[in-house]
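> sequence unavailable; structure follows:
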């Protein structure tokens, strides 16, 4: 990489993000990502996709994959994304993602990918048996972002390294092809409060759709009874809630439930503790359950309504793909000219 300062990007601001269609979305996804998408769409042109290309880095049952794409799209709509405002689409419906990824495979360096910790974590001891796609998917992520010349990307801690790779690829492309400022160097949007929601069964583990225990998470499709039951059964400790956040140190389950309440209510943890200090979980959990049902219950109901009409979801996705390609196709055409492809 060169030490020369990159030329500034002068194009429009855009935000892009996506969710893989694998497993049930849950409270952590809502508070950490989906609710943020719904706010962002009114602040900056927003592109939100279903990452089905990324999903097949590990085996997916084809019929189930198609249904899960619709489920993610339904979750986007149920949590407040407006298809007339945000561009909502399936990644595989926009071929420029894969086309640009190949160009970036030839720009990125092997050493850069060798440093990606996500591959090491996901492949474990059997990396030779992993798909090549699992190794190179951060390059596809760079193509996802830069096909739209997105300037902002909502990321959690586990994806910051990949965004740095995207910036490296963008800068090297701009330098290699004498196109200063052609691609932006996208900036991270941190998720803010509620970004890291932990398991209801283990306060030291992140809430995950891959956890074998359904009691560990509140799924977006859970009904009111299921939500309330999971909150009541959430793991806690015997001590009352403290007056200050410092008193939650060393109490991961208590800290998690207080954090969930704060995120759902749109208040600070300090405000939650000011209200419930000295009270035990016998008093706190019913209030948390009531709050969770009031926020999450309507989302589950709307998702079930949407999924009962898959043709409407497909219409939203088709319209979104057309709008997405209207941005991505010209970008790819410019890339072909810069690279020197025939016909470019």
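Cool, the structure landed. These numbers were taken from a predicted model, which means no experiment stands behind them. Numbers count the residues shown, from 1 in each chain.
> pLDDT below threshold where in the stretch 151-300 of the chain?
Residues of the stretch 151-300 of the chain meeting the criterion pLDDT under 70: 157-158, 191-195.
> for it, just list every one of the helices.
For the stretch 151-300 of the chain, helices defined by DSSP state H, counting those that start in this stretch occupy the ranges 160-176, 224-233, 252-265, 269-276, 281-307.
> list the buried ones in the last one?
I take that to be helix 281-307. 281, 284-285, 287-289, 292-293, 295-297, 299-300, 302-303, 306-307 (16 or more other C-beta atoms under 10 Å). For glycine as for every other residue, the C-beta is placed from the backbone atoms N, C-alpha and C.
> starting at the chain centroid, how far to it?
Relative to the mean C-alpha coordinate of its chain, helix 281-307 is positioned 21 Å out (C-alpha atoms, centre = their mean, to the nearest Å).
> just checking, what packs against that helix?
helix 62-78, helix 224-233, helix 252-265, helix 269-276, helix 310-339 (3 or more C-beta pairs under 8 Å, 6 or more residues apart in numbering; DSSP states H and E).
> what residues does the fourth one touch?
Same thing as helix 269-276. The contact list for helix 269-276 (C-beta atoms under 8 Å, 6 or more residues apart in numbering) reads 241-245, 247-248, 258-259, 261-262, 265, 283-284, 287.
> could you rerun that using 7 Å?
241-245, 258-259, 261-262, 284 (C-beta atoms under 7 Å, 6 or more residues apart in numbering).
> filter those residues down to the buried ones.
Buried, going by 16+ other C-beta under 10 Å: 241-242, 258-259, 261-262, 284, out of the contacts of helix 269-276.
> and the residue nearest to residue 184 when sequence neighbours are not counted, what element?
In space, and not counting its chain neighbours, residue 184 is closest to residue 9: 3.7 Å by C-beta to C-beta, 6 or more residues apart in numbering. Following DSSP states H and E, there is no helix or strand that holds residue 9.
> ok, now which ones touch residue 41?
81-82, 85-86.
> among those, give me the pair with the biggest separation.
Spatially, the most separated pair among the contacts of residue 41 is 81 and 85, at 7.7 Å (C-beta to C-beta).
> neighbour count winner among these two?
residue 81 (21 against 13; other C-beta atoms under 10 Å).
> picking up where we left off before, can the contacts of residue 41 go into a markdown table with extra columns for pLDDT and secondary structure?
Formatted as a markdown table, these follow (pLDDT from 0 to 100; DSSP: H, G, I helix; E, B strand; the rest coil):
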| residue | pLDDT | secondary structure |
| --- | --- | --- |
| 81 | 97 | coil |
| 82 | 97 | coil |
| 85 | 97 | coil |
| 86 | 98 | coil |
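> residue 335: which of those residues is nearest?
For the contacts of residue 41, the nearest to residue 335 is residue 86 (24.8 Å; C-beta to C-beta).
> quick check, that closest one in contact with residue 46.
Yes. Between residue 86 and residue 46 there is a contact under C-beta atoms under 7 Å: 4.3 Å.
> where does the prediction get shaky in the stretch 1-150 of the chain?
Those would be 1-6, 118-127, if you go by pLDDT under 70 across the stretch 1-150 of the chain.
> can you pull out the strands in it?
Shown for the stretch 1-150 of the chain, the strands assigned by DSSP state E, counting those that start in this stretch span residues 15-19, 46-50, 87-90.
> so which of those is nearest residue 253?
strand 15-19 (26.6 Å).
> relative to strand 46-50, how tilted is the closest one?
Interaxial angle, strand 15-19 versus strand 46-50 (axes from the mean of the first three to the mean of the last three C-alpha atoms, to 10 degrees): 20 degrees.
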